[in-house]
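Participant: Need a 3D model of the sequence below.
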Amino acid sequence: MPEIELGLALQQRWLAVRQALDRACHAAGRLPREVDLLPVSKTFGADHVAAGQALGWTRFGENRVQEIRDKQAVLGAAAPTWVLIGHLQSNKARQAAALIGEWQSLDRLELAQRMDGYLQQARRSIDVLVQVHTAAEAQKHGVPAEQLETLLRGLSRLPALRVQGLMTVATQTDDLAEIRRCFATLRQAREQAQQQLGQPLPRLSMGMSGDFTQAIAEGSTEVRIGSALFGPRPPLHA
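Facilitator: Just a heads-up that it's a prediction; the model follows:
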């Protein structure tokens, strides 16, 4: 797609998504400014990221460290802040520490300790969200809610990781009640953790293209939007 055409398509989709988010906020009795929108560029090329940057987007969600590295190589110094929202493999931690500006899928203390070490070596620190497992599918990643307090206490000793809140991925289903249950579980986990630790956790990253209305109703402060912004995803090549 030509650069100008791509930019116009992204701008039109952004406006449509933002209007839908605003309607969801009003329906939930919330202010639109309370909910941020994170563009998720996974499986799309660096050209899509550059087109989004031209529209003022500064943060992009990605699932895989390899994909971040490939896009970083193309964009160079002009690269945006990369937000890792996918599962991080232990053998990719060093690369991730050098590339990402935010980590939303933290769910293991051992891996967090490794990342903290790499970041301290580089004299860097990043914002992190803890991923909590709320879905009915066992294969979804995330720390169980009952283990959240223990993980957060461990993370408090890692200076290069600034814990800002929680993240979850809801059950993939057409059952809106089940989707909303997932998001309510995360909100309740946040409330309990704040009481237990006396630590503010202001951010709740929950909701994607197909379920952000339910997420906003349950208190989401950031929705992760991919296909509704970028269009149908191209096939991902390993």
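
Participant: And the contacts of the helix or strand harbouring Gln12?
Facilitator: Assigned by DSSP states H and E, Gln12 belongs to helix 3-27. With contact meaning Cβ atoms under 8 Å, 6 or more residues apart in numbering, helix 3-27 is reached by 1, 31-32, 34-35, 37, 47-48, 51-52, 54-55, 212-213, 216-217, 223, 225, 228-231. For the C-beta atoms, the positions are set from N, CA and C on the backbone; glycine is no exception.

Participant: Which residue ranges of this protein form helices?
Facilitator: Shown for the chain, the helices assigned by DSSP state H span residues 3-27, 46-54, 65-75, 93-99, 109-121, 148-155, 176-197, 212-217, 227-230.

Participant: what's the offset of the third one from the middle of its chain?
Facilitator: In other words, helix 65-75. 18 Å (Cα atoms, centre = their mean, to the nearest Å).

Participant: likewise stretch 135-146?
Facilitator: Worked out by Cα atoms, centre = their mean, stretch 135-146 lies 16 Å from the chain centre.

Participant: Next: stretch 32-43.
Facilitator: Centre-to-centre, stretch 32-43 and its host chain are 8 Å apart (Cα atoms, centre = their mean).

Participant: okay, how far is it across it, tip to tip?
Facilitator: 28 Å (Cα to Cα, to the nearest Å).

Participant: With stretch 193-205 instead?
Facilitator: 16 Å.

Participant: That one: how far from the chain's middle?
Facilitator: Using Cα atoms, centre = their mean, the mean C-alpha position of stretch 193-205 is found 17 Å from that of the whole chain.

Participant: Could you shift the numbering so residue one becomes 18, and keep it that way?
Facilitator: All right, first residue 18 from here; so that's stretch 210-222.

Participant: tell me which residues in that stretch are buried?
Facilitator: For stretch 210-222, burial by neighbour count (16 or more other Cβ atoms under 10 Å) applies to Ala210, Leu218, Arg220, Leu221, Ser222.

Participant: Please produce CSV containing these, extended by distance to Arg30 and pLDDT.
Facilitator: Below are those laid out as CSV (distance: Cβ to Cβ, whole Å; pLDDT from 0 to 100):
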residue, distance to Arg30, pLDDT
Ala210, 35, 98
Leu218, 31, 98
Arg220, 24, 99
Leu221, 24, 99
Ser222, 20, 99
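
Participant: what sits opposite Arg220 in the beta ladder?
Facilitator: Gly182 (DSSP bridges).

Participant: That one: what's it in contact with?
Facilitator: Arg220 is in contact with Leu146, Gln181, Gly182, Leu183, Thr238, Glu239, counting by Cβ under 8 Å, 6+ apart.

Participant: Distance check, Pro251 against Ala33.
Facilitator: 21 Å (Cβ to Cβ, to the nearest Å).

Participant: hang on, I meant Gly224
Facilitator: 16 Å.

Participant: Which single one of the buried residues of stretch 210-222 is nearest to Pro97?
Facilitator: Ser222 (17.2 Å; Cβ to Cβ).

Participant: re the thing from before, the buried residues of stretch 210-222 into a markdown table, with extra columns for distance to Arg174?
Facilitator: Shown next, in a markdown table, are the buried residues of stretch 210-222 (distance: Cβ to Cβ, whole Å):
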| residue | distance to Arg174 |
| --- | --- |
| Ala210 | 16 |
| Leu218 | 17 |
| Arg220 | 21 |
| Leu221 | 24 |
| Ser222 | 23 |
